[in-house]
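> Fold the stuff below for me.
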Amino acid sequence: MTDRICVGAIAGAFGVAGEVRLKSFCATPEDIAAYGPLTTEDGSRSFAIRLTRPVAGGLGARITGITTKEQADALRGTALYALRDKLPRLPDDEFYHADLIGLAVQDPGGVLIGKVQAIHNHGAGDLLEITSATGRGTRLIPFTRAIVPTVDLAAGRLVADLPEGLD
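Numbers count the residues shown, from 1 in each chain. Below is the predicted model:
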């Protein structure tokens, strides 16, 4: 497990005075400001975030040291990471996406299906992108208790009981 978790991204400038539009990946979007300072993926830059208002598609925010639209635009696409120990502890049946990526995926009989490549959510729930153990492409499976009854982070695996048509 990584010591930092991606909690959002800078979507670009908002206005002309250096304000940015944030896309929050937090369950409660405004919580992104409580986990700071936030850093880039490699930890080379740190950002103090102050939320200003809700905006279309995210949150308006001020970032220390960013005072112009050009500076804000230059940060577009920057992923924002928080230290894991600043984030809330999750119940046993909830997981940070970063902890699922890379897990082996097995069927209920223990046969390797593949590996979790990514997690996607297009509004209807999380989908696990699984790379095939045979190296022949990927597949998406719903991340629900019915299809993924077991997640064992300590063992580095999850069990997927794929329904007819997904197997």
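
> make it CA atoms for all contacts and neighbour counts henceforth
OK.

> what secondary structure does residue 72 sit in?
In the three-state summary, residue 72 is assigned as helix, counting by DSSP: H, G, I helix; E, B strand; the rest coil.

> how close does residue 115 get to residue 143?
Plainly put, residue 115 is 14 Å away from residue 143 if you go by CA to CA, to the nearest Å.

> More neighbours: which of those two?
Under the neighbour definition other CA atoms under 10 Å, residue 115 and residue 143 were set side by side, and residue 115 has more, 22 against 18.

> Mind listing what's buried along whatever helix or strand the more buried one lives in?
According to DSSP states H and E, residue 115 maps onto strand 112-121. Neighbour counts over strand 112-121 (16 or more other CA atoms under 10 Å) mark 112-119 as buried.

> pLDDT on stretch 73-88, on average?
Across stretch 73-88, the average pLDDT comes to 94.

> So which residues make contact with it?
Contacts to stretch 73-88, defined as CA atoms under 8 Å, 6 or more residues apart in numbering, come from residues 2-13, 20, 35-41.

> tell me which residues of that stretch are tucked away?
In stretch 73-88, counting by 16+ other CA under 10 Å, buried: 73, 75-76, 78-84, 87.

> would you list those in TSV and tack on distance to residue 127?
TSV is the format used below for the buried residues of stretch 73-88 (distance: CA to CA, whole Å):
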residue	distance to residue 127
73	31
75	28
76	26
78	23
79	21
80	22
81	22
82	23
83	25
84	23
87	23
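
> So what's the residue count around residue 124?
Here the number of neighbours of residue 124 (other CA under 10 Å) works out to 7.

> Tell me, what's the model's pLDDT at it?
81.

> Next, it: secondary structure please.
Following three-state DSSP, residue 124 is assigned to coil.

> please begin residue numbering at 15 from this point
OK, 15 is where the count begins now, so the last one is residue 138.

> Quick check: it vs residue 156, distance?
Residue 138 is 10 Å from residue 156, where distance means CA to CA.

> Same question for residue 148.
Residue 148 is 21 Å from residue 156, by CA to CA.
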